[in-house]
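> Fold the following for me, if possible:
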Amino acid sequence: MKLYDVFPLLDITIVKGQGCQVWDDKGQEYLDLYGGHAVISIGHTHPHYVEMMNKQLGLLGFYSNSVINPLQQQLASRLGKASGYEDYQLFLINSGAEANENALKLASFHTGRTRILSAEKAFHGRTSLAVEATDNPKIIAPINANGHVTYLPLNDLPAWERELAKGDVAAVILECIQGVGGIRMATEEFAQGLAKACKQNGTVFICDEIQCGYGRSGKFFAHQWLGVRPDMITVAKGIGNGFPMGAVLISPEFVPVYGQLGTTFGGNHLACAAALAVLDVMEDEHLVDNAREVGDYLMAELKKLQAVSKHITNVRGRGLMIGIELDVPQKDVREPLIYNQHVFTGCSGTNLLRLLPPLCLSKAQVDEFLVRLKTVLDNI
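So this is what the prediction gives:
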């Protein structure tokens with residue numbers, strides 16, 4: 001049997017990691033500015049994370065959600081305090097797509113409606129409703145194309161208000177910083193107007209914080225830069241630092257109904273141990289502040305490089321979620337960065353580099369990246 005390939009693979013085998021560095025099977029070190037699709041939040045193989053996971057595995061790796069799991073209760077309390085949502089409820093699952101799927105389903109239960117509004121270029125996952133809310137027809141199978149979703153331009157508030165005024169929209173789902181869509185940012189005016197229109201029309205407002213959340217923007221959630229308070233917040237990726245986990249933070253207005261939502265593996269003992277270790281490190285090492293400070297430094301230095309480089313046309317983002325727009329195909333920069341300069345980055349579309357490093361990135365590592373990036377740009 002062979003693997004069913006879903007991505008074009010880089011010809012690299014990564015076998016080890018530490019902090020913001022990874023090593024391949026030949027011993028070559030790489031600077032990791034992608035964190036495995038924004039998953040690595042506190043850095044690779046952080047000692048406290050490893051210790052917590054090993055300790056929990058030696059006690060109990062899994063038992064069902066039919067019994068009390070004190071780790072879930074600890075996580076709910078800790079996450080509420082860290083994020084500023086102590087009065088919300090926490091539903092634990094396994095992935096970002098599953099988080100969005102359950103949030104959208106819960107919104108439909110709550111309102112009795114079936115329509116969803118999503119932004120153009122949005123990415124919300126690959127399960128049934130999540131993929132239908134993703135603006136990419138190439139990954140929406142015929143069975144998922146059920147007409148539930150209307151896509152609207154990001155930051156075009158009147159267009160969203162017109163749809164909401166029809167009174168039949170169950171949920172709005174929004175990435176306040178689009179990741180796959182190219183590090184496109186919602187404005188404060190748009191987000192606040194949208195939240196107000198949702199409230200006026202009885203529509204559930206969901207912020208998808210799967211990629212832009214968990215400290216990456218320099219606040220715990222990206223929407224907190226915009227002065228809004230969603231009805232539901234979906235998280236994944238950085239919550240487990242590589243252990244599969246997702247969650248929905250749910251407003252106290254939603255009263256649980258037994259049987260509506262459920263999960264076998266969600267919130268299992270190992271996942272909760274991972275998430276608690278992540279919060280420990282984020283707090284002890286002030287990683288949200290670091291994401292903001294180092295992100296500001298990286299953004300400023302990239303703009304300086306843009307001023308002297310003919311190939312950078314724009315730099316945008318917030319915290320450690322940054323897009324570098326190019327006037328050449330991104331592969332012409334990304335591939336030599338990886339294979340010659342040994343720096344991992346992501347990409348979006350045909351001409352954008354996406355930077356999503358671990359939140360422990362240092363200014364010294366930023367400086368090293370800039371030297372390597374300039375070397376590539378100067379040789380195009």
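> okay, CA-based contacts and neighbour counts for the rest of this
Noted.
> Against residue 284, how distant is the residue nearest in space to the middle of the chain?
For the chain, the residue nearest the mean C-alpha position is residue 211 (0.9 Å; C-alpha atoms, centre = their mean). Counting by C-alpha to C-alpha, to the nearest Å, the gap between residue 211 and residue 284 amounts to 22 Å.
> Also residue 276?
Per C-alpha to C-alpha, residue 276 is found 12 Å from residue 284.
> who has more neighbours, these two?
Shown here are residue 276 and residue 284; by other C-alpha atoms under 10 Å, residue 276 has more neighbours (24 against 9).
> In terms of pLDDT, where does the more buried one sit?
According to the predicted model, the pLDDT of residue 276 comes to 98.
> Name the SS class of it, please.
Classification of residue 276 by DSSP: H, G, I helix; E, B strand; the rest coil places it in helix.
> With adjacent residues omitted, what lies nearest to it?
residue 75 (6.1 Å; C-alpha to C-alpha, 6 or more residues apart in numbering).
> Helices along the stretch 201-350 of the chain, start to end?
269-284, 287-308, 330-339 (DSSP state H, counting those that start in this stretch).
> Pick the most buried one from those helices.
With neighbours defined by mean count of other C-alpha atoms under 10 Å, none of the helices of the stretch 201-350 of the chain is more surrounded on average than helix 269-284, at a mean of 22.
> Quick one: list the elements packing against it.
Secondary-structure packing of helix 269-284 (3 or more C-alpha pairs under 8 Å, 6 or more residues apart in numbering; DSSP states H and E): helix 47-59, helix 70-83.
> roughly how far apart are residue 343 and residue 333?
The gap separating residue 343 from residue 333 is 11 Å, by C-alpha to C-alpha.
> Now the residue nearest to the centre of the chain: phi and psi?
Its backbone dihedrals place residue 211 at phi -100, psi -40, with angles given as degrees, to the nearest 10.
> my read: it touches residue 237, true?
Yes: using C-alpha atoms under 8 Å, residue 211 and residue 237 qualify as a contacting pair, with a distance of 6.7 Å.
> okay, and the common contacts of these two?
Residues touching both residue 211 and residue 237 (C-alpha atoms under 8 Å, 6 or more residues apart in numbering): residue 38.
> Let me know whether residue 117 touches residue 168 as I believe.
No: no contact is recorded between residue 117 and residue 168 when judged using C-alpha under 8 Å, the distance being 10.5 Å.
> From the chain's centroid, how far away is stretch 368-379?
Using C-alpha atoms, centre = their mean, to the nearest Å, we find the averaged C-alpha position of stretch 368-379 to lie 27 Å away from the chain's own average C-alpha position.
> which neighbours do residue 343 and residue 333 share?
Both residue 343 and residue 333 lack any common contact, where contact means C-alpha under 8 Å, 6+ apart.
> picking that back up, distance-wise, check the residue nearest to residue 276 relative to residue 53.
Shown here: residue 75 relative to residue 53, a distance of 15 Å by C-alpha to C-alpha.
> and those two? which has more neighbours close in?
Of the pair residue 75 and residue 53, residue 53 is the one with more neighbours under other C-alpha under 10 Å, namely 23 against 20.
> That one against residue 274, yeah?
Yes: using C-alpha under 8 Å, residue 53 is in contact with residue 274, at 6.3 Å.
> So which residues of the stretch 151-300 of the chain form strands?
In chain order, the stretch 151-300 of the chain shows strands spanning 169-174, 177-178, 184-185, 204-208, 232-235, 246-250, with DSSP state E, counting those that start in this stretch as the criterion.
> What strands line up against the longest one, and which way round?
This points to strand 169-174. On the basis of DSSP bridges, the sheet neighbours of strand 169-174 come out as strand 115-119 (parallel), strand 204-208 (parallel).
> could I get that strand in PDB with only the CA atoms?
Extracted C-alpha coordinates of strand 169-174, given in PDB (Å, rounded to 0.1, in the frame of the first residue of the first chain):
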ATOM      1  CA  VAL A 169     -28.800  34.100   8.100                       C
ATOM      2  CA  ALA A 170     -27.900  31.600  10.900                       C
ATOM      3  CA  ALA A 171     -24.200  32.600  11.100                       C
ATOM      4  CA  VAL A 172     -21.500  34.900   9.900                       C
ATOM      5  CA  ILE A 173     -18.000  33.200  10.100                       C
ATOM      6  CA  LEU A 174     -15.000  35.500   9.800                       C
END
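> Show me how far that strand is from its chain's centre.
The chain centroid and the centroid of strand 169-174 are separated by 18 Å, computed with C-alpha atoms, centre = their mean.
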